[in-house]
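all I have is the shape, not the residue letters:
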């Protein structure tokens with residue numbers, strides 16, 4: 001997802017939407033749509049086993065992938081960040097799975113209290129700023 005070729009393909013597809021909408025549609029069908037279908041199949045399997053309640057599998061799949069992707073992909077695609085390392089990706093994935101399966105209160109349990117006093121701690125976290133450099137051009 002974060003490889004230079006994947007990012008270049010994404011940037012190219014976005015830039016060519018006005019001229020070639022069918023190509024952008026194909027990019028979506030063979031990319032994002034496939035990911036949703038794969039997660040939907042997994043959720044369907046868990047529903048059949050009784051591990052998940054009956055739910056909107058399509059909506060749940062989209063929600064999960066949106067949480068997983070978060071702002072990280074956009075940050076990297078726009079050149080505001082660098083590819084995360086394996087440890088960071090694993091940590092992000094674990095927290096998304098935890099929130100998806102157990103709800104937002106599990107996130108609070110993982111990362112601390114939700115009390116107003118803890119807002120100061122969150123406010124002190126460093127904020128990433130975009131560099132003035134332009135994202136890599138498409139070759």
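Cool, the structure landed. Remember, predicted model here, so these are calculated numbers, not experimental data.

just the helices in this protein please.
Ranges of helices within the chain are 4-15, 21-30, 32-48, 57-69, 72-77, 86-102, 104-111, 119-123, based on DSSP state H.

can you add mean pLDDT and mean neighbour count and give those helices back as CSV?
C-beta coordinates here come from the backbone N, C-alpha and C atoms, glycine included. CSV is the format used below for the helices of the chain (pLDDT from 0 to 100; neighbours: other Cβ atoms under 10 Å):
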stretch, mean pLDDT, mean neighbour count
helix 4-15, 83, 14
helix 21-30, 83, 12
helix 32-48, 91, 14
helix 57-69, 90, 16
helix 72-77, 83, 16
helix 86-102, 87, 13
helix 104-111, 61, 12
helix 119-123, 51, 9
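
OK, contacts around residue 46?
By Cβ atoms under 8 Å, 6 or more residues apart in numbering, residue 46 lies in contact with residue 52.

now it: how far from residue 102?
Distance of residue 46 to residue 102, computed by Cβ to Cβ, to the nearest Å: 14 Å.

ok, now residue 72?
For residue 72, the distance to residue 102 - Cβ to Cβ - is 22 Å.

and if you look at residue 5?
35 Å.

residue closest to the middle of this structure?
For the chain, the residue nearest the mean C-alpha position is residue 69 (0.6 Å; Cα atoms, centre = their mean).

surely residue 76 meets residue 82?
Yes - in this structure residue 76 lies within contact range of residue 82 using Cβ atoms under 8 Å: 7.0 Å.

show the end-to-end separation of stretch 14-29, please.
14 Å (Cα to Cα, to the nearest Å).

any idea how far it is from the middle of the chain?
Distance, stretch centre to chain centre, for stretch 14-29: 21 Å (Cα atoms, centre = their mean, to the nearest Å).

for stretch 93-102, same thing?
Per Cα atoms, centre = their mean, the centroid offset for stretch 93-102 relative to its chain is 12 Å.

what of stretch 55-67?
With Cα atoms, centre = their mean, you get 12 Å for stretch 55-67.

can you give the contact residues for that stretch?
Against stretch 55-67 from outside (Cβ under 8 Å, 6+ apart): 32, 35-37, 39-40, 43-44, 47, 96, 99-100.
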